[in-house]
Every structure is written in C-alpha cells, then in structure tokens.
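Undergrad: next come a sequence and a model predicted from it.
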Amino acid sequence: MTTPPPGQAPDKGPVVAAMFDRIAPRYDRLNRLLSGGVDTAWRREAVREALADDPVRVLDVATGTADLALMLKRARPQADVVGVDFAEAMLAVGRTKVRRAGLELPLLYADALALPFEDGRFDALTVAYGLRNFADVEAGLREMRRVLRTGGRVVVLEFPPPPANLAGRALRWYGRTVMPIIGGWLSGDRTAYAYLPASTEAFLDPDELTRALALAGFDPVRHRLQSFGVSAVHIGVAA
Ligand SMILES: C[S@@+](CC[C@H](N)C(=O)[O-])C[C@H]1O[C@@H](n2cnc3c(N)ncnc32)[C@H](O)[C@@H]1O
C-alpha cells in the first residue's frame, strides 16, 4: 500500500478508508494499549464539552468503532446520537458494540466531506482523531459547520504535532519507533501504524487548528491541551 500523504490530497480518502478497514478488528485494543488507556479520559472530556448545552441531536463524525458515540449516548440517553464513517469494517465493529450495549445509535456510512444531512440539523458535533485523515481538512470543517445549527457546538479531539522540546522528541521517537513495531505486530499492518504518527507530525498545531475552525465559521473557538499536549480538545460555537 502507498502511504497516504498527510494534509490535503484528493485521492487520500479511499486509501484511508481501506487502511482503517484493514485494522478495524484490532483498532480498539491497540488504542487502549498505545495510549496506556488515557484516551478514555480524553474522550470523556470531549463528551462533557459536547453535552454542555443539553443537545438533542448529536453527530459523531469519523466515528470509527463508535467509542465516542457510545460514550455520548450513555451520558445522554435521551439525545439522538448518530455516528458516520466511510470505513465499513470500522462501522461493523461499532454496530456490534452498539447491539451489545442495547442502545439505539445509528451508525451510517458517509463521507465527512459530503454529509447526508440538511443544513443546521445538529445541536452538537464531535470528531475524535479523524480530522487529520480528511482529504481536505478545510472542506471537512465547513461541512461540519453546515450541518450544525447556529449556536451549536463542535468538539474536535486531535493529536497535535509533537513540540520541539524534550517531551516532543520523546513523543516523536515513540511515534516513529514504538508505534509501528507494536501496532504492526498486533494489527499485522505496520504501514498503518507508521502512517498514524506521521499524519500527526504533519497536522495543524492547536493554534492553527483554532484558526481553521474560526475560518470555517466557528466563533468563539478555544482549545485545551490534554496530557501535556499529547492530545488536544478544541471547542467551537457555530456562528
Ligand atoms: C483514528 S480513527 C478515529 C475513530 C474514532 N473517532 C475514535 O475516536 O476512535 C479515524 C477514523 O476517521 C475515519 N475517516 C477519515 N476520513 C473520513 C472521511 N472523509 N469521512 C468519514 N470518515 C473518515 C476513518 O475511516 C477512521 O474510522
């Protein structure tokens, strides 16, 4: 497989979808292992932010295996939560989890760059570790703004590029060396677990992402670093 280039690339979508389809069966276990289990706390913070204004309709974009969507639904069972993704195998894992949980949570096949919803349909929208995989990040943010009602909240979880300090050097080493070995060994797909940290290194830093959200029509926008900058949560209000 050709490693998809991070950033904007028109042919990136199908390559990314195929990659997540391949790693879907091991994705959850590897997430927990490679983050030392902390990713659950990062997601909990995103759920708190997304539900802060008591939304009725909530969309989780790039929902993958539905970890965040399930947390949203459990936290607010009365809300209509929907997840979308374009990797069918990830959705299949998610649907099994939803069935086992006995929850009503539709998981739909859809491209984040062309969401199958009318303008202003949702009160809150989340995207966790999906944005940096989009073929066109700005178009994805505009699409997210489109399906949110004015005043609705967007919450983005993403891995910022490692900073140029000692901690950043350690993170880069972890991403370039440890992740491909452990991820490759346990998923059977070393290329995927080399792509994931490489895409993080090439992505927007939190200030740049804050500006991109503002340009897409969110105001105000703020962000908080999580675990000393390993992850970051961005919160914007649809203006
Ligand atoms: C790193 S996973 C994150 C999954 C999930 N949100 C989580 O937190 O575990 C990235 C997900 O983004 C999805 N994705 C990337 N680009 C997409 C797009 N344009 N449309 C829909 N899904 C997309 C992938 O299929 C994959 O499931």
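TA: Looks like it arrived, so ask away.

Undergrad: low-confidence stretches in this structure?
TA: 1-8, 10 (pLDDT under 70).

Undergrad: residue of it with the smallest distance to the ligand?
TA: Gly64 (2.5 Å; CB to the nearest ligand atom). The C-beta positions use only the backbone N, C-alpha and C, and glycine is treated the same way.

Undergrad: where does this protein come near the ligand, residue by residue?
TA: 13, 16-17, 20, 62-64, 67-68, 85-87, 90, 111-113, 128-130, 133-134 (CB under 6 Å from any ligand atom).

Undergrad: just the buried ones from those?
TA: 13, 16-17, 20, 62-64, 67-68, 85-87, 90, 111-112, 128-130, 133-134 (16 or more other CB atoms under 10 Å).

Undergrad: now intersect the residues you listed with the helices, please.
TA: 13, 16-17, 20, 67-68, 90 (DSSP state H).

Undergrad: before we move on, the earlier item: without its sequence neighbours, what residue ends up closest to the residue of the chain closest to the ligand?
TA: Met90 (4.6 Å; CB to CB, 6 or more residues apart in numbering).

Undergrad: how about Arg224?
TA: Val233 (5.4 Å).

Undergrad: what's the answer for Ala114, then?
TA: Counting by CB to CB, 6+ apart, the residue nearest Ala114 is Glu143, at 7.0 Å.

Undergrad: which secondary structure element contains the one you found?
TA: Here Glu143, judged by DSSP states H and E, is contained in helix 137-147.

Undergrad: what does that helix contact?
TA: Helix 137-147 has contacts (CB atoms under 8 Å, 6 or more residues apart in numbering) with 7-8, 59, 61, 112-115, 117-122, 125, 127, 131, 134, 154, 204, 212-213, 215-218, 238.

Undergrad: any idea how far Thr40 is from the most centrally placed residue in the chain?
TA: Central residue of the chain (CA atoms, centre = their mean): Ala128, 2.3 Å from the mean position. With the distance defined as CB to CB, to the nearest Å, Ala128 ends up 11 Å from Thr40.
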